[in-house]
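pasting the sequence and the predicted model now:
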Amino acid sequence: MKFSYTHHMPYTGVSQADQDWPVPNKQFDSELGIKIFRDGIDNKVFAEECGFDWIGNNEHHMSPYGLMPNPNLIGACVAERTSTAKILQSGNIVPIVNPIRVAEEYAMLDMISGGRLIAGFMRGIPHEYVAYNVAPSESYGRMNEAIELIKKAWTEPEPFGWEGEFYQYRAVSIWPKPAQKPHPEILMSASSDASAKLAAEHQATMGILRVQSYEAAHHSLQVYKDHAHKHGWQPTPRKIMFAMNCCIAPTEKEALETLRGGYDYFFNVLGGGIRTAQKLVVQKTRYFGDKEDAERQMDKLQAHKQLTLEERMERGLVMCGTPEMAIKQITRLHEEFGHGVTNLSIKIGNIPDEKVYQTMRFLRDEVIPETRHLGE
């Protein structure tokens with residue numbers, strides 16, 4: 001089992017719940033912002049010491065939800081201070097940015113890290129398209145064309161032109177090229193039918209970035225495997241990543257209290273405006289591939305929001321409790337899905353940093369060593 005670590009670097013200096021999106025940045029305090037960036041980078045670097053194989057950075061815009069509008073800057077900082085962990089860029093949101101720029105910056109990260117980049121191509125959550133004034137209905141078309149263009153930019157030895165539906169370039173010949181040949185490993189989200197099919201088409205590692213129910217996750221995984229088979233290849237466990245929120249403490253009571261407080265801040269303060277923006281985008285555009293898929297996604301989001309923390313634990317959707325409980329929870333997830341990579345998010349909402357480090361040490365000392373054998 002490989003372990004991946006994600007820290008969204010949320011801004012924890014806001015207190016008002018359910019603010020409209022975009023959240024007014026008059027609430028941003030520079031001194032607190034500097035501390036969050038420095039502490040967040042230090043924390044990501046510490047993940048390598050705790051046995052994490054991948055360290056993730058992702059992209060979000062115009063919200064205190066996460067302070068990484070360009071995750072490649074953070075990835076470069078982490079790459080310079082680590083030596084073995086792979087640098088998982090679980091953004092860039094390729095449909096809303098220049099794909100040639102993504103190809104160039106990812107190539108730089110692969111060079112800086114000595115060939116440790118895992119190149120995440122994400123479609124993003126719907127409100128990102130409002131932020132960058134890109135039509136959400138074009139997301140899949142832009143995504144597929146951008147990935148094809150980036151892969152060609154990485155591998156084509158001679159200058160080439162590109163005349164596509166969404167992107168046109170007279171001449172492309174990027175410098176540098178990636179260290180990994182033919183190109184870095186690609187990871188894509190596969191939480192919807194269309195995303196799962198797209199990941200399979202590009203032979204990308206699939207990521208279930210939020211397990212909302214085992215039924216829905218099994219559906220996405222089967223779509224991915226079936227579509228991979230149609231394209232002539234068979235995914236191994238190493239090509240399947242599942243993500244969970246995680247909080248470990250000496251007692252179950254402490255872990256529950258810590259994670260419950262973090263969830264309250266996450267859903268009500270950090271997520272309020274984003275939910276409103278997402279709902280409008282999903283209802284009024286073809287962000288998802290078809291009406292049935294859109295309805296399925298909205299049902300999953302609504303059902304997940306209504307669950308209590310105890311219900312999430314009972315259904316195996318979160319890792320929370322003592323180290324012994326965490327070992328059982330991750331074992332249950334693997335027995336259910338047979339995945340080879342587990343991504344853990346620990347800084348949920350405003351969970352205090354000392355609690356984050358406590359969880360990481362429990363993972364290092366007790367949980368990861370006892371679950372490494374899974375998937376062998």
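Now that the structure is in, tell me what you want to look at. Residues are numbered from 1 along each chain as shown.

who are the packing partners of the longest strand anywhere in the chain?
The strand that spans the most residues within the chain, counting by DSSP state E, is strand 240-248. Other elements packing on strand 240-248 under the criterion 3 or more CB pairs under 8 Å, 6 or more residues apart in numbering; DSSP states H and E are strand 2-6, strand 205-208, helix 214-230, helix 252-265, strand 319-321, helix 323-337, strand 341-345, helix 353-362. Placement of C-beta: from N, CA and C, glycine included.

who touches P237 in this structure?
When contacts are counted by CB atoms under 8 Å, 6 or more residues apart in numbering, P237 is found next to 338-340, 375.

tabulate those residues (TSV), appending distance to L73 and pLDDT.
As requested, the contacts of P237 are exported to TSV (distance: CB to CB, whole Å; pLDDT from 0 to 100):
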residue	distance to L73	pLDDT
G338	35	97
H339	30	97
G340	29	97
G375	33	77
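
which of those lies closest to L309?
H339 (23.0 Å; CB to CB).

and that closest one, how close does it get to P99?
The span separating H339 from P99 equals 29 Å under the rule CB to CB, to the nearest Å.

could the helices and strands packed on strand 240-248 be laid out in CSV, adding mean neighbour count?
Listed next are the helices and strands packed on strand 240-248 as CSV, based on neighbours: other CB atoms under 10 Å:
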stretch, mean neighbour count
strand 2-6, 22
strand 205-208, 25
helix 214-230, 17
helix 252-265, 19
strand 319-321, 25
helix 323-337, 18
strand 341-345, 24
helix 353-362, 18
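
now render those as a markdown table, adding distance to E185.
Formatted as a markdown table, the helices and strands packed on strand 240-248 follow (distance: least, CB to CB, whole Å):
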| stretch | distance to E185 |
| --- | --- |
| strand 2-6 | 12 |
| strand 205-208 | 6 |
| helix 214-230 | 15 |
| helix 252-265 | 31 |
| strand 319-321 | 25 |
| helix 323-337 | 20 |
| strand 341-345 | 11 |
| helix 353-362 | 25 |
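
for V172, find the nearest of the ones you listed.
strand 205-208 (25.6 Å).

now the closest one - C-alpha only, CSV.
Only the C-alpha atoms of strand 205-208 are listed here, as CSV (Å, rounded to 0.1, in the frame of the first residue of the first chain):
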residue,chain,number,x,y,z
THR,A,205,-4.2,6.5,-12.2
MET,A,206,-7.8,7.0,-11.0
GLY,A,207,-8.6,8.9,-7.8
ILE,A,208,-11.8,8.7,-5.8
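
which residues does it contact?
Applying CB under 8 Å, 6+ apart, the set of residues contacting strand 205-208 from outside is 90, 118, 120, 185-191, 196, 199-200, 217, 220-221, 224, 235, 238-243, 341, 343.

how far is that strand from where the chain is centred?
9 Å (CA atoms, centre = their mean, to the nearest Å).

and the most centrally placed residue in the chain, how far from K177?
Geometric centre of the chain, nearest residue: S90, 4.5 Å, by CA atoms, centre = their mean. Separation of S90 from K177 (CB to CB) stands at 22 Å.

likewise for H8?
Distance from H8 to K177, by CB to CB: 30 Å.

report the strands that pair with the longest strand of the chain, each with its relative direction.
In the sheet, strand 240-248 lines up against strand 205-208 (parallel), strand 319-321 (parallel), strand 341-345 (parallel) (DSSP bridges).

other SSEs contacting whatever helix or strand G141 lives in?
If you go by DSSP states H and E, G141 is part of helix 139-155. Here helix 139-155 touches helix 99-112, strand 160-163, strand 168-172, helix 193-201, going by 3+ CB pairs under 8 Å, 6+ apart.

quick one on the thing from earlier: could you provide the helices and strands packed on strand 240-248 in JSON lines, with additional columns for distance to P24 and mean pLDDT?
Output for the helices and strands packed on strand 240-248, formatted as JSON lines (distance: least, CB to CB, whole Å; pLDDT from 0 to 100):
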{"stretch": "strand 2-6", "distance to P24": "27", "mean pLDDT": "98"}
{"stretch": "strand 205-208", "distance to P24": "32", "mean pLDDT": "96"}
{"stretch": "helix 214-230", "distance to P24": "35", "mean pLDDT": "96"}
{"stretch": "helix 252-265", "distance to P24": "18", "mean pLDDT": "97"}
{"stretch": "strand 319-321", "distance to P24": "33", "mean pLDDT": "98"}
{"stretch": "helix 323-337", "distance to P24": "39", "mean pLDDT": "98"}
{"stretch": "strand 341-345", "distance to P24": "26", "mean pLDDT": "98"}
{"stretch": "helix 353-362", "distance to P24": "26", "mean pLDDT": "98"}
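
between those, which gets nearest to K26?
Nearest of these (CB to CB): helix 252-265, 19.8 Å.

rank the helices and strands of the chain by mean pLDDT and give me the bottom one.
Ranked by mean pLDDT, DSSP states H and E, the helix or strand of the chain with the weakest confidence is helix 291-306, at a mean of 57.

what are the buried residues along the helix or strand just after that helix?
Downstream of helix 291-306, the next assigned helix or strand under DSSP H and E is helix 309-314. Residues 309, 312-313 are the ones in helix 309-314 that count as buried (16 or more other CB atoms under 10 Å).

got the residues you listed as TSV, with pLDDT and distance to I348 columns?
Output for the buried residues of helix 309-314, formatted as TSV (pLDDT from 0 to 100; distance: CB to CB, whole Å):
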residue	pLDDT	distance to I348
L309	95	11
R312	95	12
M313	96	14
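
of the residues you listed, which is the nearest to I327?
For these, the nearest to I327 is M313 (14.1 Å; CB to CB).

setting aside sequence neighbours, what's the nearest residue to the closest one?
Leaving aside its chain neighbours, M313 sits nearest to C320 (5.6 Å; criterion: CB to CB, 6 or more residues apart in numbering).

please report how far the one you found lies from G262.
Remark: distance between C320 and G262 (CB to CB) = 10 Å.

what do those two both touch?
Both C320 and G262 are contacted by C247, under the criterion CB under 8 Å, 6+ apart.
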